[in-house]
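J.: Could you work out the structure for the sequence below:
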Amino acid sequence: ETPAAAAHREAAEEAGISLQSLEPVAEVYASPGDSTEFFYIYVGLTDLPDTVTGVNGLASEAEDIRSHLFSFAALMDLVDRQEAANSPLVIAAYWLARHRERLRLRPPGAKPDVT
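T.: The predicted model follows:
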C-alpha cells in the first residue's frame with residue numbers, strides 16, 4: 001500500500017470521510033539518528049458532511065477515535081499557543097497557512113500541484 005493510499009484509507013476508517021485529493025506536505029523522520037519512524041504528511045481536501053464529528057475507527061482494531069472540526073483560525077491559534085503537541089499536525093498547519101489561498105482558488109477535482 002502506498003502512503004497516499006494509506007492516507008485515503010485512514011481518512012475513511014478514522015474520520016469517516018472520503019478525500020477528493022491529497023496535497024503532499026512533507027516526508028520526514030520523527031528524529032533522524034534517534035528513530036527510524038518516518039512520516040508521510042498530507043493535507044486532504046474534501047467536502048465535509050454535517051456528521052464529520054463523532055467517534056470513528058475500526059472495531060476490529062479497538063479504535064476509539066474522536067473527530068473534532070476546527071476552523072483554520074482555531075487551528076492556527078492552537079499552534080500559536082503551543083497546544084498542538086503533535087509534530088505532523090504542526091507541520092501540516094504551517095504548510096496549510098502557506099498554501100491555503102492557492103488551494104481555495106483551485107477548481108474542484110484538480111490534481112495537486114507538487115512542483
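J.: In this structure, what helix or strand scores lowest on average pLDDT?
T.: Within the chain, confidence by mean pLDDT, DSSP states H and E is lowest for strand 54-56 among all helices and strands, at a mean of 57.
J.: From the centroid of the protein, which residue is nearest?
T.: Centroid-nearest residue in the chain: Val43, 4.5 Å away (criterion: C-alpha atoms, centre = their mean).
J.: Leaving out sequence neighbours, find the closest residue to that residue.
T.: Of all residues beyond its chain neighbours, the one nearest Val43 is Glu23 (4.4 Å), with distances taken as C-beta to C-beta, 6 or more residues apart in numbering. Quick note: C-beta positions are derived from backbone N, CA and C, even for glycine.
J.: List the buried residues of the helix or strand harbouring that neighbour.
T.: For Glu23, the enclosing helix or strand under DSSP states H and E is strand 21-29. Buried residues in strand 21-29, counting neighbours by 16 or more other C-beta atoms under 10 Å, are found at 21-25.
J.: Go through these and name the one nearest Ala92.
T.: Among these, Val25 lies closest to Ala92 (C-beta to C-beta), at 5.4 Å.
J.: what about that closest one, distance to Gly33?
T.: Taking C-beta to C-beta, to the nearest Å as the measure, Val25 and Gly33 are separated by 22 Å.
J.: With Arg98 instead?
T.: Counting by C-beta to C-beta, the gap between Arg98 and Gly33 amounts to 28 Å.
J.: same question, Ala84
T.: On the measure of C-beta to C-beta, Ala84 and Gly33 end up 25 Å apart.
J.: and the two? which has more neighbours close in?
T.: When neighbours are counted by other C-beta atoms under 10 Å, Ala84 comes out ahead of the other of Ala84 and Gly33, with 18 against 6.
J.: got the contact list for the more buried one?
T.: 75, 78, 90, 93 (C-beta atoms under 8 Å, 6 or more residues apart in numbering).
J.: Is it possible to mark the buried ones in those?
T.: Here, 16+ other C-beta under 10 Å leaves 75, 78, 93 buried among those.
J.: and those residues, which of them are in helices?
T.: Where the buried ones among the contacts of Ala84 overlap with helices, as defined by DSSP state H, the overlap consists of 75, 78, 93.
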